[in-house]
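Trainee: the following block contains a protein sequence and its predicted model.
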Amino acid sequence: MKYLSGLLNRVLLCGTGAGLLGWGVAQTAPHVTGVVATKAVINGSIVTIHSPIAGQVQRIAPLESGSSVLPQQSFLKVVDAQGSTDWIRAAQLAVVTEKTKIAGLSQQLQTIAEDPSSLMMPANPVPMAAIQLATQAVTQAETELEIAITQANQAQAKSDRMRSLGQEGAISSILLGEVQTQAQVLNQQVEIARTKLQSARLNLAEQQRLQAESLQPKFDRQAIQSRQQRIEAIQQQQAELQASVTQREQAIAQAQNTQNYNAVSPVQGVVWEVLVQNGMQVTPGQALIKVLDCRQRWVDAYVNVDDLDRIEIGNAARIEFNKGQTLQGTVKTIRPRAAEGQTLGQDAAAPPPNIDTQQFAQLRIEIDSATTLANEPDQSARFCQVGKLVQVKIEPSQSKHPIFHVLAIAQFWK
């Protein structure tokens, strides 16, 4: 009989465990798959070269889109400059304005660093009613204990008197037994009252602990991630402004020393677009040529905003081309959705696909080995493959995997 009962218990236990394990696997499945972004494009940074002076364009060498260029390589000249003094003054004012913006961004970074309160979740105190009820329960238990002790003492005194009378034969043994039994019952009630008081005091201490703990603010994980994204955005603005200041100061110095302006490439890359023709008259500040910096490339991937709960900065990503080539990358920034009046991807060479920016989020994927993109022999390599459509598979965050629940269930069955 004992054997059959043990066997039945094992069958029921195994069935319950299998059900729990199946539930854990079912909960894990949608998270393990990660996120696939079918709308993704290789992108890069565009540098526009402007003429600091007015004059006539003279090409130094033939130029066409896709031509490879090196740092400080000359493109063209602007000669016979007229009115460059006015441009220099305007450029100097622009430098002062941009430096002021850089200082303002530095102040923003300092303010963010000195304000840890923005990373804390608001306190959620335990209602005082719970502590009041627990306090009342302690008071009531103390009162009940005092009454029980008083009654027990009275009963014990009566029992002692009856015992003396019983020894003298003044009362019957039956009456003496009833009095002693009553004294024992009242002593037991004293112990019950003590136990109740101890339990009430423990409950009050627990409520007070919960109250104190609830008053302590906690770090908000989403706020920390949001602050990091804000810091990176501000640092990127600073870098762009500093690059503009450097370019303007170089152009100002050159314009002050000569009436001719020699346009050179600030980066290594390819010619993206030629905006002027040979012999054309240009004005100060007019754009001359655009250069794609092939050393600064990334992948802009667009995913549904509902998938953001499975994506974090630092997640590994697999970039797949239609010819079977694959590259590895890492999620660098996350832009949940475009603000009003903005367009996702507006700061890059290739525009985003035709999407509803309120439904899609933009992920910037840093390519681990971007130099391999330019090793193809076809025409697209000359443009560093910017604009090429790819597919990106983003691995899920380990910290968000419910697989740990499954492992916990498996550990239970060991």
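Mentor: The structure has been received and is ready for your questions.
Trainee: buried residues of stretch 40-50, list them for me.
Mentor: For stretch 40-50, a neighbour-count test (16 or more other C-beta atoms under 10 Å) marks A40, V41, I42, N43, G44, S45, I46, V47, I49, H50 as buried. In this view, the C-beta of every residue, glycine as well, is placed from N, C-alpha and C.
Trainee: surely W298 and N43 touch.
Mentor: Yes: W298 lies in contact with N43 (C-beta atoms under 8 Å); the separation is 5.7 Å.
Trainee: distance of A54 relative to C294?
Mentor: In this structure, A54 and C294 are 32 Å apart, going by C-beta to C-beta, to the nearest Å.
Trainee: care to break the protein down by domain?
Mentor: 28-120+223-400, 128-214 (automatic domain parsing).
Trainee: mind telling me what element A200 is part of?
Mentor: Using DSSP states H and E, A200 sits in helix 173-214.
Trainee: try I289
Mentor: Assessed by DSSP H and E, I289 sits inside strand 287-304.
Trainee: with Q235 instead?
Mentor: Counting by DSSP H and E, the element that carries Q235 is helix 221-257.
Trainee: read off the pLDDT value for S226.
Mentor: Per-residue pLDDT puts S226 at 77.
Trainee: let me see the contact set for A141.
Mentor: A141 makes contact with A193, K196, L197, S199, A200, R201 under the criterion C-beta atoms under 8 Å, 6 or more residues apart in numbering.
Trainee: state the distance from the fourth one to T135.
Mentor: Distance of S199 to T135, computed by C-beta to C-beta: 14 Å.
Trainee: what of the last one?
Mentor: R201 sits 10 Å away from T135 when distances are taken as C-beta to C-beta.
Trainee: give me the common contacts of those two.
Mentor: Joint contacts of R201 and T135 (C-beta under 8 Å, 6+ apart) do not exist.
Trainee: quick check: which helices or strands does the strand holding I289 pack against?
Mentor: Judged by 3 or more C-beta pairs under 8 Å, 6 or more residues apart in numbering; DSSP states H and E, the packing partners of strand 287-304 are strand 35-50, strand 74-82, strand 269-274, strand 316-320, strand 326-335, strand 360-367, strand 389-394.
Trainee: ok, which of the ones you listed comes nearest I131?
Mentor: Each of those has some distance to I131 by C-beta to C-beta; the shortest is strand 326-335, at 42.4 Å.
Trainee: and the closest one, what does it pack against?
Mentor: Helices and strands touching strand 326-335, by 3+ C-beta pairs under 8 Å, 6+ apart, are helix 221-257, strand 287-304, strand 316-320, strand 360-367.
Trainee: avg pLDDT for that strand?
Mentor: On average, the pLDDT along strand 326-335 is 89.
Trainee: can you list the low-confidence ranges for the stretch 301-414 of the chain?
Mentor: Residues of the stretch 301-414 of the chain meeting the criterion pLDDT under 70: 337-358, 370-383, 397-414.
Trainee: try 50 this time
Mentor: Scanning the stretch 301-414 of the chain for pLDDT under 50 picks out 339-342, 344-347, 377-380, 401-414.
Trainee: please enumerate the strands of the stretch 51-200 of the chain.
Mentor: Applying DSSP state E, counting those that start in this stretch to the stretch 51-200 of the chain gives strands spanning 54-59, 68-69, 74-82, 120-121.
Trainee: mind listing the strands the second one pairs with, and their directions?
Mentor: It stands for strand 68-69. Strand 68-69 has the following strand partners under DSSP bridges: strand 269-274 (antiparallel).
Trainee: and the strand it pairs with with strand 287-304, angle?
Mentor: 100 degrees (axes from the mean of the first three to the mean of the last three C-alpha atoms, to 10 degrees).
Trainee: who has more neighbours out of A54 and C294?
Mentor: C294 (24 against 20; other C-beta atoms under 10 Å).
Trainee: quick check, that one in contact with G44.
Mentor: Yes: contact criterion C-beta under 8 Å: C294 and G44 qualify, at 6.7 Å.
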